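Asker: Okay, structure incoming, though there's no sequence with it:
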């Protein structure tokens with residue numbers, strides 16, 4: 001890691017020392033590519049409005065949060081305060097745990113439309129958490145965080161400690177094994193300074209240690225690999241009359257993938273992301289609301305070094321960038337039920353190096369939100385996207401000796417975008433035991449090996465409480481994506497499904513089993529890029545997981561897990577791999 005990046009991180013990693021100071025304080029997400037992807041930018045403003053409602057409730061009450069849902073073992077259903085219709089739910093999280101990319105996941109279920117996003121994991125499904133919350137739940141089988149009340153300060157801590165045996169940490173045909181220790185501390189704290197001012201912190205921060213082969217960690221130059229999960233946020237909320245203002249800073253340090261396959265170890269690198277923003281929500285009158293957000297985002301790619309040679313194993317500085325975004329959302333809701341609105345804005349992007357080219361990204365459109373009774377929620381959006389990038393002449397180095405295979409110094413992509421977008425989400429609660437959600441759309445987003453990628457996608461999920469103590473989660477996805485151009489450009493077709501069954505054997509013991517299948521078909525766009533790495537290739541992945549969790553006390557549980565991945569390369573030059581992971585973990589909530 002360069003000294004420049006160490007300086008940047010030392011200035012922006014405010015909550016490494018602050019986490020200790022703010023232990024006595026608490027806070028409660030943007031999903032993929034805020035400011036670029038209209039559907040995900042819309043989710044930010046949904047989160048901001050929901051945050052305002054939550055802050056009002058917290059100001060009126062004590063601010064203590066005991067958890068979202070409680071499982072009633074005797075009746076076999078989940079009880080608790082119902083979340084507003086349309087709010088993202090964790091119902092399908094268990095089913096997607098195998099497929100959803102996470103720290104050292106090994107899964108190949110990456111969505112092409114989210115690979116260029118460094119603020120979250122590039123999974124096929126929408127993350128269940130929001131912009132202002134980390135993608136980590138410290139107590140997935142208990143009843144929410146336990147909280148401490150210290151005078152005016154509300155604070156909740158969760159500790160996660162695991163040890164994992166992984167027989168193929170590089171995910172390659174020549175496996176290398178390791179034992180990995182992972183420690184995560186979740187902090188959710190808030191301090192109601194005055195009736196209208198609130199300081200809050202929400203983070204999940206910790207370290208991984210590769211005990212046998214520390215040089216094979218995805219990034220880092222020591223025995224410890226720092227993880228700060230996406231969504232970790234320090235925020236200051238202010239209410240000034242009809243205007244609700246949130247000043248925030250988000251930090252994450254996590255593994256990322258260079259491409260959407262990540263079949264080889266050198267395709268994984270570390271990303272340091274710092275987002276600083278100011279958002280405001282103005283209740284103009286009983287019918288109209290205006291929300292605005294400005295965010296300055298710094299992304300630095302972190303490479304690791306070989307401990308023997310001291311040389312960088314891979315240079316990913318190509319993907320370091322800075323973005324400045326200004327977006328707004330104007331809503332009209334005359335009855336307090338349905339909502340219509342106008343959304344749009346601009347993002348300016350620049351890269352540290354010229355592998356990719358900077359540009360200006362604009363979008364504008366309309367959206368409509370309609371609750372149907374108390375069981376169904378519909379959100380539709382449509383509009384126009386315009387991306388304008390700087391010119392980038394193709395540069396390469398051709399060796400003087402055979403086989404004369406060139407090394408490309410940039411993508412060679414000079415494509416601009418002028419296209420429509422749309423998205424539709426339907427959430428439905430059939431009854432107390434069955435819920436379902438459908439999302440599909442068409443939109444463009446940033447890519448890492450071309451200017452942008454355009455995708456048509458569909459996700460469906462269903463959660464069923466089939467019998468006493470059970471939960472069955474089923475979900476599937478289809479994505480057809482096309483990169484904008486250049487020497488690495490491909491057309492991709494991806495589809496797959498996930499199934500998970502959890503059964504509460506007793507009030508203290510929970511058993512879970514899951515399966516994931518994914519298929520990816522990649523085709524190079526033209527023969528002109530045949531010398532580039534973006535070639536043809538088909539591969540499929542099967543993933544299995546088994547988990548057993550035992551609740552030791554009301555604040556502590558112990559879990560055992562097994563993961564088995566089979567990745568078969570059906571065509572193309574990459575090599576398939578198998579991977580086995582055995583995990584033992586302890587969750588403790590203070």
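Answerer: Right, received. Where do you want to start? Since the structure is predicted, the reported quantities are computational estimates derived from the model, not experimental observations.
Asker: Would you agree residue 54 falls within a helix?
Answerer: Yes - under DSSP: H, G, I helix; E, B strand; the rest coil, residue 54 sits within a helix.
Asker: neighbours around it, how many?
Answerer: Per other Cβ atoms under 10 Å, the neighbour tally for residue 54 reads 15. (Glycine included, C-beta is placed from N, CA and C.)
Asker: Can you tell me how far it is from residue 200?
Answerer: Residue 54 is 10 Å from residue 200, where distance means Cβ to Cβ, to the nearest Å.
Asker: Please name the spatially closest residue to the residue minimising distance to the centre of the chain (chain neighbours excluded).
Answerer: Computing the C-alpha centroid of the chain and ranking residues by Cα atoms, centre = their mean puts residue 120 first, at 2.7 Å. Distance criterion Cβ to Cβ, 6 or more residues apart in numbering; nearest residue to residue 120, sequence neighbours excluded, is residue 230 at 4.8 Å.
Asker: from memory the one you found sits against residue 274, does it?
Answerer: No - here residue 230 lies out of contact with residue 274, judged by Cβ atoms under 8 Å, at a distance of 11.7 Å.
Asker: ok, the two, which is more surrounded?
Answerer: residue 230 (29 against 20).
Asker: Correct me if wrong: residue 549 contacts residue 557.
Answerer: Yes - applying Cβ under 8 Å as the test, residue 549 and residue 557 come out as touching, 5.5 Å apart.
Asker: re the thing from before, which strand or helix spans the residue nearest to residue 120?
Answerer: Using DSSP states H and E, no element contains residue 230; it sits outside every helix and strand.
Asker: Any figure for the gap between it and residue 131?
Answerer: According to Cβ to Cβ, residue 230 stands 9 Å off from residue 131.
Asker: Same check on residue 288?
Answerer: 23 Å.
Asker: Pick out whichever of those two has more residues nearby.
Answerer: Neighbours were tallied for residue 288 and for residue 131 using other Cβ under 10 Å; the higher tally belongs to residue 131 (29 against 14).
Asker: Mind checking what secondary structure that one has?
Answerer: Residue 131 - assigned by three-state DSSP - is coil.
Asker: Next, the residues that contact stretch 423-442 from outside, please.
Answerer: 38-39, 42, 77, 85-86, 89, 91-92, 126, 375-382, 420-422, 443, 454-466 (Cβ atoms under 8 Å, 6 or more residues apart in numbering).
Asker: Identify the contacts common to residue 230 and residue 274.
Answerer: By Cβ under 8 Å, 6+ apart, the residues touching both residue 230 and residue 274 are residue 250.
Asker: can you tell me how far the nearest residue to residue 396 once chain neighbours are set aside sits from residue 111?
Answerer: In this structure, residue 396 finds its nearest non-sequential neighbour in residue 406, 4.2 Å apart by Cβ to Cβ, 6+ apart. To residue 111, residue 406 is 30 Å away according to Cβ to Cβ.
Asker: I'd guessed residue 590 sits against residue 553; true?
Answerer: No - applying Cβ under 8 Å as the test, residue 590 and residue 553 come out as separate, 11.9 Å apart.
Asker: which stretch of helix or strand covers residue 428?
Answerer: Applying DSSP H and E, one finds residue 428 within strand 417-429.
Asker: tell me the average confidence for the next helix or strand after that strand?
Answerer: As assigned by DSSP H and E, the chain's next helix or strand after strand 417-429 is strand 434-446. Averaged over strand 434-446, pLDDT sits at 91.
Asker: Just the buried residues of strand 434-446, please?
Answerer: Applying a neighbour-count criterion of 16 or more other Cβ atoms under 10 Å, one finds 435, 436, 437, 439, 440, 441, 442, 443, 444, 445, 446 buried in strand 434-446.
Asker: can you give me the strands in the stretch 101-250 of the chain?
Answerer: 147-150, 153-166, 178-194, 197-210, 224-228, 233-240, 243-257 (DSSP state E, counting those that start in this stretch).
Asker: got the angle between the fifth one and strand 178-194?
Answerer: Strand 224-228 and strand 178-194 meet at an angle of 40 degrees, taking axes from the mean of the first three to the mean of the last three Cα atoms, to 10 degrees as the criterion.
Asker: Let me see the contact set for residue 292.
Answerer: Counting by Cβ under 8 Å, 6+ apart, residue 292 makes contact with 279, 280, 326, 327, 328, 329.
Asker: cutoff 6 Å now
Answerer: Under the criterion of Cβ atoms under 6 Å, 6 or more residues apart in numbering, the neighbours of residue 292 are 280, 328.
Asker: quick one: residue 45 is in a strand?
Answerer: No - Residue 45 sits outside any strand when classified using three-state DSSP, being helix.
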